[in-house]
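**Q** Here is a sequence together with a model predicted from it:
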Amino acid sequence: MVQTIADFIELGHVENIVSMFKQEKDYYQYTGQLIRDERFMVRMGLAVLFEELVAARPQDVLLAVPSLLPVLQEEKPYLRGDAATLLGIIGTEEAREQIRKLLNDPDAQVKEIAEDILRG
């Protein structure tokens, strides 16, 4: 299912994925796997997906937080930054608290992402 979701996002079918997430809340647990996809368009598409889901189902997006937390520990800085971006879109205090931890990240861009999110 993760591969199907990622492929649809890459193809630009975010609206279809929004509908799928609305129907099946268990899909939120795949967010951590999806953000690790090597394809930039998939990772970018997740931001669009979550912006739409936050507007439509703000209470449901919280289900993605546990799957994103391990990504904040990934070796690759872009993964930490992408996970922080999704947590910023989710915008809960729990998510923001996790982003605060990145203010001391060894990567300058990750620190900047965290600062920008927390300022906003």
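**A** Arrived safely, thanks for sending.

**Q** Need the three-state assignment for Gln59.
**A** With DSSP: H, G, I helix; E, B strand; the rest coil as the basis, Gln59 sits in coil.

**Q** Can you report how many residues lie near it?
**A** Neighbouring residues of Gln59 were enumerated by other Cβ atoms under 10 Å; the total is 7. Where C-beta positions appear, they are placed from N, C-alpha and C, glycine not excepted.

**Q** residue ranges for the helices of the chain, please.
**A** Remark: helices assigned in the chain by DSSP state H are 2-10, 14-23, 31-34, 40-56, 65-68, 77-90, 93-100, 108-119.

**Q** Tell me, how many residues neighbour Ala108?
**A** When counting by other Cβ under 10 Å, one arrives at 9 neighbours for Ala108.

**Q** If you could redo that for Ser19, that was the one I meant.
**A** Count around Ser19 with other Cβ under 10 Å applied: 12.

**Q** One more: the one 4 residues further on?
**A** With neighbours defined by other Cβ under 10 Å, the count for Gln23 comes to 8.

**Q** Same question for Gln3.
**A** Gln3 is flanked by 10 other residues according to other Cβ under 10 Å.

**Q** Dump the helices of the chain to TSV, plus mean pLDDT.
**A** As requested, those are exported to TSV (pLDDT from 0 to 100):
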stretch	mean pLDDT
helix 2-10	97
helix 14-23	96
helix 31-34	98
helix 40-56	97
helix 65-68	98
helix 77-90	98
helix 93-100	95
helix 108-119	97
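
**Q** What score does Gly120 have for pLDDT?
**A** With respect to pLDDT, Gly120 has a value of 81.

**Q** From what I see, it and Thr85 are in contact.
**A** No: in this structure, Gly120 is not within contact of Thr85 by Cβ atoms under 8 Å, at 11.2 Å.

**Q** Quick check on the two: which one has the bigger neighbour count.
**A** Using other Cβ under 10 Å, the more surrounded residue of Gly120 and Thr85 is Thr85, with 22 against 7.

**Q** is it true that the more buried one touches Ala47?
**A** Yes: at 5.9 Å, Thr85 counts as touching Ala47 under the criterion of Cβ under 8 Å.
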